[in-house]
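In: need a structure here:
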Amino acid sequence: MSNNLTNLYYIKGDRIAKKLSKYCQKVNLSPVPFDIKNISQPFFLINGDNNHHHRTYKVIKSLGSFDGYFHIDHHDDLGLASVRKVQYDNFVYHLLKNSYKVVFVGQKYWKRETVFYNEKIDMLFRNNIEHYYPIDNIYFLSDVGEYIFIPISHFNELILKMPELVKSKNIEEIYILDEMNYKNVKSRTFTRRDLIHEPFAPDLYAGAIIKFKSFSLSDLDFNKVYISIDLDVLKIGLLHTPWTDDFSLYTISELLNEIRKIIKKYEVIGIDICGPDYLDIETLKNILFIIFKISSML
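Out: Next comes the predicted model:
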């Protein structure tokens, strides 16, 4: 595959794939429907701009069973409770509902810089804790474990999930703000003196903090895996995508290194990539570079 990219596909009608093909004659793209269970594996799918990332859901549903889904994305794409239709910002929630195991890599949107018990910690603000279900199927690839804080305004949703959180093997610690007057034998209480951060608004101060366990690739008992990449995970200036921001995490070489480690560890059955909505020459060059580099790993 590294020589001629023979297993490179796109969703028919996608304008980004069409422009890539015009720009570089070495890119031999084949159109496919969402139902791709009969194509050769591993395959590489150009998935358009990241407002179409939910195509990944339809692709995965057609593949049958595999062990783990790696979501390399600036966002968790778990969506909000008020939106039920499968779309770009909530399709991972629907994967979880269908019992897929999801590994998050690179999620840094709505990051808050805090001081917690006199230690500087970057926490992830989340107002969709009810979509973290089932918790035991959610993993954060991280050296130290990920801290997620739930604002006071969404504390009631957390209470509904508390029985599951307490039992979960993937949760290391639960902290509850003393003002919430909620006690649980498995949780610790903190005060406003213990947590310093600038809330978006008064009711968005942390009512609770959930610390996920850290997971490395060696901790995950997978064989066959699928990888989905949203290039908004790259730092500003490398590519133009609708959802990149100041907290986007990776350089291109860092992203490729994360993907290389996954491919080396597991049998990858498929990869899709999405992101840019505007294709200038520099963006085209970077996308093609990423595609060729990943293809050479398979």
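In: for the helix or strand that contains Glu157, packing partners?
Out: Glu157 is located in helix 155-167, with elements delineated by DSSP states H and E. When contacts are defined as 3 or more C-beta pairs under 8 Å, 6 or more residues apart in numbering; DSSP states H and E, helix 155-167 sits against strand 171-177, strand 206-212. Placement of C-beta: from N, CA and C, glycine included.
In: Show me which positions of that helix end up buried.
Out: 155, 158, 161-162, 165 (16 or more other C-beta atoms under 10 Å).
In: what's next to it, contact-wise?
Out: Helix 155-167 is contacted from outside by 81, 129-130, 132-135, 150, 171, 174, 180, 182, 184, 186-187, 207-208, 210, using C-beta atoms under 8 Å, 6 or more residues apart in numbering.
In: which of these are buried?
Out: Members of the contacts of helix 155-167 classed as buried by 16+ other C-beta under 10 Å are 129-130, 132, 135, 150, 171, 174, 182, 187, 207-208, 210.
In: Would you mind giving the secondary structure of Tyr109?
Out: Three-state assignment for Tyr109 (DSSP: H, G, I helix; E, B strand; the rest coil): coil.
In: Outline the domain layout of this protein.
Out: Domain assignment for the chain, taken from automatic domain parsing, gives 1-101+223-298, 108-221.
In: which helix is the longest one in this structure?
Out: Ranked by residue count and defined by DSSP state H, the top helix of the chain is helix 281-297.
In: how close does Ala206 sit to Pro134?
Out: 23 Å (C-beta to C-beta, to the nearest Å).
In: can I get the CA coordinates of the helix holding Glu157 in CSV?
Out: Written as CSV, here are the backbone C-alpha positions of helix 155-167 (Å, rounded to 0.1, in the frame of the first residue of the first chain):
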residue,chain,number,x,y,z
PHE,A,155,-24.5,18.5,38.8
ASN,A,156,-27.9,16.8,38.8
GLU,A,157,-26.9,14.9,35.6
LEU,A,158,-23.8,13.7,37.5
ILE,A,159,-25.8,12.5,40.5
LEU,A,160,-27.8,10.2,38.1
LYS,A,161,-24.5,8.7,36.9
MET,A,162,-22.9,8.4,40.3
PRO,A,163,-23.7,4.7,40.8
GLU,A,164,-22.0,3.8,37.5
LEU,A,165,-19.0,6.2,38.3
VAL,A,166,-18.5,4.6,41.7
LYS,A,167,-18.3,1.1,40.2
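In: most remote residue from this protein's center?
Out: Residue farthest from the centre of the chain, counting by C-alpha atoms, centre = their mean, is Asn181 at 33.1 Å.
In: so where is the stretch 1-150 of the chain shaky, pLDDT-wise?
Out: 1-6, 24-27, 33-35, 81-83 (pLDDT under 70).
In: Which parts of it are strands?
Out: 8-11, 30-32, 43-49, 68-72, 102-105, 111-116, 119-125, 138-140, 147-151 (DSSP state E, counting those that start in this stretch).
In: Which secondary structure elements does the first one sit against?
Out: Secondary-structure packing of strand 8-11 (3+ C-beta pairs under 8 Å, 6+ apart): helix 15-23, strand 30-32, strand 43-49.
In: Can you list the strands that that strand pairs with?
Out: Looking at strand 8-11 with DSSP bridges, its partner strands are strand 30-32 (parallel), strand 43-49 (parallel).
In: neighbouring contacts of it?
Out: So strand 8-11 is contacted by 17-18, 27-34, 36, 39, 43-48, 52, 55, 291, 295 (C-beta under 8 Å, 6+ apart).
In: how much distance is there from that strand to the middle of the chain?
Out: What separates the centre of strand 8-11 from the centre of its chain is 21 Å, taken as C-alpha atoms, centre = their mean, to the nearest Å.
In: Please identify the most buried of the domains of the chain.
Out: domain 1-101+223-298 (a mean of 18; mean count of other C-beta atoms under 10 Å).
In: average pLDDT for stretch 192-204?
Out: Taken as a whole, stretch 192-204 has a mean pLDDT of 82.
In: Give me the contact list for it.
Out: Residues outside stretch 192-204 that contact it (C-beta under 8 Å, 6+ apart): 112-117, 123, 125, 151-153, 177, 179, 205-206, 209.
In: circling back: as TSV, the strands paired with strand 8-11 with distance to Leu220 would be great.
Out: As requested, these are exported to TSV (distance: least, C-beta to C-beta, whole Å):
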stretch	distance to Leu220
strand 30-32	28
strand 43-49	22
